[in-house]
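*Asks:* Below are the sequence and a predicted model; questions follow.
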Amino acid sequence: ACVIHFGRAVSPRRLVTPHPAKRPVFDHFLDQLPARLEAALASTERGYLTSVTLDVPMPDFPTPVELPDESIFWSRPAQGHFRLGVGRALRLAFAGVDRFEQLDQRLRELESDWSRGDDVPGVFLGFAFSPVQEVQRDWAPLANTLALVPRVVIDRGPLGCRLTFSCRADEDRDDVMAQWLDGAGAIVSAFDPDTVIANSAPIVLREIPGAEADWLARVRRALDEIRSGKLDKLVLTRRITMLTSRPLRPGAVLAWLGDRYNDCTLFSFRESDMALVGVSPERLLSIRDGAVLADALAGSAPRLTPPEEDRIAGEMLLKEIKAQHEHAVVVDDIIGALRPDCVSVSACQAPSLLKLPTVQHLWSQVHGQLREGVRPLALISRLHPTPAVGGTPREQALTWLQDHGETRWGWYTGGVGWLDGNGAEVSVVLRCGLLNGATADLFAGAGIVAGSVPETELDETRWKLDALREALAIG
């Protein structure tokens, strides 16, 4: 059998399909796909970048059970919204202090020569904490600041479920069609529970001992600087390495996180054997029809059992002076960053509790109304990094971190999300792990302010790391 398109025959042998007995609706869709793509392309005016969108059946599961190679996944489970992208139709990479300005200029140029509908998902965005950070060897596929248009994207949101296919004008059309069919098949298989065969062997985790004493010493140096009055807050981060008894399945880790952290942002970036998988409770920025939303997250306590002790711990956090001060610093910084580009900015009068499975945070939302003509990347450049991941005053804190050996790995404490025709949705990269075969590097941090106790801050990083430790145990 062959698929006829653009006047030539191409074998669909690489197309991955799910179990036919289980997914007849998707089999029918895949059978019709070549003809539908032909018709869509025939009615589309071509540009340097061309995207066509088709309605598709709804997947049974909100999170993929397996992550294809060269895939990107982003989800807000509580809102029923997710995107899974496969392949690379366009890749843009930047670094340097003007990285967001460079990217925005390139996107402006692209917008004038991108043939697409208004509801196309847009551009995936990921970036590192520091604009000049060199990418470590293990994170090599990520680049400092990366913008991608996937070859194929499934998007489930308020408008239903759709597949978007993208290609460049300089690509061979036969190759494009073959990659589109492969991408669609990989996406269908990613949501098919029969794609993954359960491994009944329990997974055993072994943690490589970390330099906790060195980290505690850095906390003490940070406190000395804060006591001197030069700084109000510093955020210090840790990495631990876990060895596992068998290779990890990033899709299984992602699915477990999705079940437990329904109110957070779920994300993954996979290329070959490397997969960045994580869950973020902190939205750096959301823009929809000019309405701006940002999360302020600072001040933490562990979750406890029984429930009554957990309730008391939450009430104590809401009253704790140190936590309230740490939180107020973040809220004020976000308001100050948004005000120049918004006609109005407001925040909650007092924080609420955001309760996650292993930790609870003080949480506030900051709202704004964007001034006409302001681009999302300009706002991202103002907001990042917030005091929740850097410190205050911002420039002095960043200088101190650089001078005192603070290492940020890959995109950890950077951002991940999407830019599209209706705005942006970008979250801070937190609670994440870099998975590679039977090895996982996990990351967590803590905000140091006046009154912080080094050992307590170390405990806080352990609570945060528990989220990924538990996920690995079933991965």
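*Replies:* Structure received.
*Asks:* How far does stretch 239-255 sit from its chain's centre?
*Replies:* Distance of stretch 239-255 from its chain centroid, counting by C-alpha atoms, centre = their mean, to the nearest Å, is 17 Å.
*Asks:* before we move on, what about stretch 124-144?
*Replies:* Averaged C-alpha coordinates place stretch 124-144 at 13 Å from its chain's average position (C-alpha atoms, centre = their mean).
*Asks:* What residues of it count as buried?
*Replies:* By neighbour count with 16 or more other C-beta atoms under 10 Å, stretch 124-144 contains the buried residues 124-131, 133, 135, 139, 142-144. For every residue, glycine as well, the C-beta is placed using N, CA and C.
*Asks:* What is the lowest-pLDDT residue among those?
*Replies:* Looking at the buried residues of stretch 124-144, model confidence by pLDDT dips furthest at Val135: 73.
*Asks:* That residue and Ala143, how far apart?
*Replies:* Taking C-beta to C-beta, to the nearest Å as the measure, Val135 and Ala143 are separated by 6 Å.
*Asks:* same thing with Pro121?
*Replies:* To Ala143, Pro121 is 20 Å away according to C-beta to C-beta.
*Asks:* where do the helices sit along this structure?
*Replies:* Using DSSP state H, the helices of the chain run over 24-42, 99-111, 173-190, 212-227, 250-260, 307-319, 321-338, 376-383, 394-403, 454-472.
*Asks:* So which of those is nearest Thr358?
*Replies:* When these are compared by C-beta to C-beta, helix 454-472 sits nearest Thr358, at 4.3 Å.
*Asks:* Give me the mean pLDDT for the closest one.
*Replies:* The predicted confidence, averaged over helix 454-472, sits at 92.
*Asks:* go on, stretch 307-321?
*Replies:* For stretch 307-321, mean pLDDT rounds to 95.
*Asks:* From here on, call the first residue 11.
*Replies:* Taking 11 as the first residue, the last one we looked at is stretch 317-331.
*Asks:* So Ala481 sits against Gly268, correct?
*Replies:* No: between Ala481 and Gly268 there is no contact under C-beta atoms under 8 Å: 10.0 Å.
*Asks:* ok, these two, which is more surrounded?
*Replies:* More neighbours surround Ala481 than the other of Ala481 and Gly268, with 27 against 21 (other C-beta atoms under 10 Å).
*Asks:* What distance do you get for that one to Phe277?
*Replies:* Taking C-beta to C-beta as the measure, Ala481 falls 13 Å from Phe277.
*Asks:* Same check on Leu348?
*Replies:* When distances are taken as C-beta to C-beta, Leu348 and Phe277 turn out to be 23 Å apart.
*Asks:* Low-confidence bits of the protein, can you list those?
*Replies:* Segments of the chain classed as low confidence (criterion: pLDDT under 70) are 11-36, 70, 205-211, 485.
*Asks:* what residues are up against Tyr468?
*Replies:* Actually, residue 468 is Leu rather than Tyr. Glu222, Trp225, Leu226, Val229, Ala456 (C-beta atoms under 8 Å, 6 or more residues apart in numbering).
*Asks:* Which of the buried residues of stretch 134-154 lies at the shortest distance from Ala306?
*Replies:* Minimum distance to Ala306 across those is 18.0 Å, recorded for Phe139 (C-beta to C-beta).
*Asks:* related to what we said a few turns ago, find residues that contact each of Ala481 and Phe277.
*Replies:* In the contact map built from C-beta under 8 Å, 6+ apart, the residues linked to both Ala481 and Phe277 are Val287.
*Asks:* Okay, and the beta partners of the closest residue to Val66 other than its chain neighbours?
*Replies:* With C-beta to C-beta, 6 or more residues apart in numbering as the measure, Leu173 is the residue that lies nearest to Val66, at 4.9 Å, once sequence neighbours are left out. Following DSSP bridges, Leu173 is listed with bridge partners Leu64, Ile164.
*Asks:* from what I can see Leu173 touches Pro67, true?
*Replies:* No: in this structure, Leu173 is not within contact of Pro67 by C-beta under 8 Å, at 10.1 Å.
*Asks:* Just want to know which of these two has more residues nearby.
*Replies:* Under the neighbour definition other C-beta under 10 Å, Leu173 and Pro67 were set side by side, and Leu173 has more, 23 against 12.
*Asks:* How are the strands of the stretch 11-160 of the chain distributed by residue range?
*Replies:* Counting by DSSP state E, counting those that start in this stretch, the stretch 11-160 of the chain has strands at residues 13-15, 18-20, 59-65, 81-86, 91-96, 100-104, 124-125, 133-137, 155-159.
*Asks:* Looking at those, which is nearest to Met326?
*Replies:* Comparing those by their distance to Met326 (C-beta to C-beta), the top pick is strand 81-86, with 30.0 Å.
*Asks:* chain center to the closest one: distance?
*Replies:* The chain centre lies 7 Å from the centre of strand 81-86; the measure is C-alpha atoms, centre = their mean.
*Asks:* Now do it: which elements does it pack against?
*Replies:* strand 91-96, strand 275-281, strand 425-430 (3 or more C-beta pairs under 8 Å, 6 or more residues apart in numbering; DSSP states H and E).
*Asks:* now those as a markdown table including mean neighbour count and distance to Leu366?
*Replies:* Output for the helices and strands packed on strand 81-86, formatted as a markdown table (neighbours: other C-beta atoms under 10 Å; distance: least, C-beta to C-beta, whole Å):
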| stretch | mean neighbour count | distance to Leu366 |
| --- | --- | --- |
| strand 91-96 | 23 | 20 |
| strand 275-281 | 24 | 12 |
| strand 425-430 | 24 | 18 |
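*Asks:* of all those, which lies closest to His414?
*Replies:* His414 lies closest, by C-beta to C-beta, to one member of those: strand 425-430, at 23.6 Å.
*Asks:* how much does the closest one deviate in direction from helix 386-393?
*Replies:* For the pair strand 425-430 and helix 386-393, the angle between their directions (axes from the mean of the first three to the mean of the last three C-alpha atoms, to 10 degrees) equals 150 degrees.
*Asks:* who does strand 425-430 touch, helix- and strand-wise?
*Replies:* If you count contacts as 3+ C-beta pairs under 8 Å, 6+ apart, strand 425-430 packs onto strand 81-86, strand 133-137, strand 275-281, helix 386-393, strand 433-438.
*Asks:* Distance to Ala333 added to those, as JSON lines?
*Replies:* Rendered in JSON lines, the data for the helices and strands packed on strand 425-430 read as follows (distance: least, C-beta to C-beta, whole Å):
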{"stretch": "strand 81-86", "distance to Ala333": "26"}
{"stretch": "strand 133-137", "distance to Ala333": "29"}
{"stretch": "strand 275-281", "distance to Ala333": "23"}
{"stretch": "helix 386-393", "distance to Ala333": "22"}
{"stretch": "strand 433-438", "distance to Ala333": "19"}
